[in-house]
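> below is the structure, and that's it, no one-letter string:
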């Protein structure tokens, strides 16, 4: 007698969203060559990170993003109880991240940005435009986390005070303008120009780097480093993007600058992951499968 064929279990909405978040984090990590960032070539401007650690961290966060999406499903709208639950899930997820990485901060910013977006995307089953998901996430981000302990001595807080920027919090509260106005449009322009998927993703990263007040770069390299990052990223795109010979020359220059400054645009990397996540959810195009 033939053994019964076991039917594959249908994934829940929250599980599907968690899959897509982790896919976006791994695609961002694998993308190469990224200026100053961990990629397939090496550790970039970091001494404590490598690609395997980025993968391990991303995979460890799958339960965190599933729980955030489940919270979004449960509450169905931006509310104080949802914000408080997301805050607790995020803190638990950060502890797990630090456990598996041996205390290295690999994805703290991504937990914030992609946690908000995955919760907002889970409000209903519909496939929605990126702008709607980002607007919903902004409504959540505008609420204070009741249980969050202030940390005025964190790198991010110090940078925000010193340079008058608001960093990742402001990006979320404004509805991720770096993603909606720069990352996603550039990703789709480069695809339409037949740049190839990897080059299109690099161009999206550069479009974000060209305008972002990246607190990771400010912390390590100050305003001069930030200005060099922004102008260098814009120069790559002005030269024709990463798919062109002239653009690649500019990209190598930018990479050398970031390494010399020991500066890594981690904020831009988190927003690229958010860009790739929202792109996967966009109803106007098929979901890409893996890195092409």
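Looks like it arrived, so ask away. Note that the coordinates shown come from a computational prediction; the quantities given were computed from them, not determined experimentally.
> is it true that residue 81 touches residue 87?
No - using CB atoms under 8 Å, residue 81 makes no contact with residue 87, being 10.7 Å away. (Each C-beta comes from the backbone N, C-alpha and C, glycine too.)
> who has more neighbours, the two?
Taking neighbours as other CB atoms under 10 Å, residue 81 and residue 87 compare with residue 87 leading, 18 against 12.
> nearest spatial neighbour of the more buried one, skipping sequence neighbours?
The shortest distance from residue 87 to any non-neighbouring residue, by CB to CB, 6 or more residues apart in numbering, is to residue 145 (3.6 Å).
> so what's the one you found up against?
Contacts for residue 145 (CB atoms under 8 Å, 6 or more residues apart in numbering) come out as 83, 84, 86, 87.
> how many residues are close by the first one?
To tie it back to what came earlier, the one meant is residue 83. Residue 83: 23 surrounding residues under other CB under 10 Å.
> could you number the chain from 321 rather than 1 from now on?
Done: numbering now begins at 321, and the last item shifts to residue 403.
> please pull out the lowest mean pLDDT helix or strand from the protein.
In the chain, no helix or strand scores lower on mean pLDDT, DSSP states H and E than helix 475-483, which sits at a mean of 71.
> list the buried residues in the helix or strand that contains residue 574.
Assigned by DSSP states H and E, residue 574 belongs to helix 565-581. Within helix 565-581, the residues that count as buried by 16 or more other CB atoms under 10 Å are 567, 568, 570, 571, 574, 575, 577, 578, 581.
> residue 554 versus the fourth one, what's the distance?
Pointing back at residue 571 there. As judged by CB to CB, to the nearest Å, residue 571 and residue 554 stand 12 Å apart.
> so what sits against both of those two?
What both residue 571 and residue 554 touch, as defined by CB under 8 Å, 6+ apart, is the set residue 526.
> do you know how far residue 537 is from residue 589?
Distance of residue 537 to residue 589, computed by CB to CB: 11 Å.
> ok, residue 460 - contacts?
Residues in contact with residue 460, defined by CB under 8 Å, 6+ apart, are 398, 402, 403, 406, 436, 439, 440.
> repeat that with 6 Å
For residue 460, the contact set (CB atoms under 6 Å, 6 or more residues apart in numbering) comprises 398, 403, 436.
> mean confidence score for the helix or strand hosting it?
Residue 460 is part of helix 450-461, with elements assigned from DSSP H and E. Per-residue pLDDT values over helix 450-461 give a mean of 97.
> next, the buried residues of it.
450, 453, 454, 455, 456, 457, 458, 459, 460, 461.
> same list, the contacts of residue 460, but as JSON lines with secondary structure and pLDDT please.
Shown next, in JSON lines, are the contacts of residue 460 (DSSP: H, G, I helix; E, B strand; the rest coil; pLDDT from 0 to 100):
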{"residue": "398", "secondary structure": "coil", "pLDDT": "97"}
{"residue": "403", "secondary structure": "helix", "pLDDT": "98"}
{"residue": "436", "secondary structure": "helix", "pLDDT": "98"}
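> just those now: which is nearest residue 363?
Lowest distance from residue 363 to these (CB to CB) belongs to residue 436, with 28.3 Å.
> burial of that closest one, as a residue count?
28.
> so how far is residue 380 from it?
19 Å.
> which parts of the stretch 471-612 of the chain are helices?
475-483, 487-493, 497-498, 504-512, 517-529, 535-558, 565-581, 586-601 (DSSP state H, counting those that start in this stretch).
> mean confidence for the third one?
Confidence for helix 497-498, expressed as mean pLDDT, is 98.
> do the same with the second one
In this model, helix 487-493 carries a mean pLDDT of 91.
> that one: how far from the chain's middle?
How far helix 487-493 lies from its chain's middle: 12 Å, per CA atoms, centre = their mean, to the nearest Å.
> with the shortest one instead?
Put simply, helix 497-498 sits 12 Å off its chain's centre (CA atoms, centre = their mean).
> how far off centre is stretch 512-525?
Taking CA atoms, centre = their mean, one finds the center of stretch 512-525 at 17 Å from the center of the full chain.
> next one: stretch 454-469
Put simply, stretch 454-469 sits 17 Å off its chain's centre (CA atoms, centre = their mean).
> only the buried residues of the host helix or strand of residue 340, if you could.
Using DSSP H and E, residue 340 sits in helix 333-350. Neighbour counts over helix 333-350 (16+ other CB under 10 Å) mark 333-338, 340-350 as buried.
> got the angle for that helix vs helix 517-529?
Here helix 333-350 runs at an angle of 90 degrees relative to helix 517-529 (axes from the mean of the first three to the mean of the last three CA atoms, to 10 degrees).
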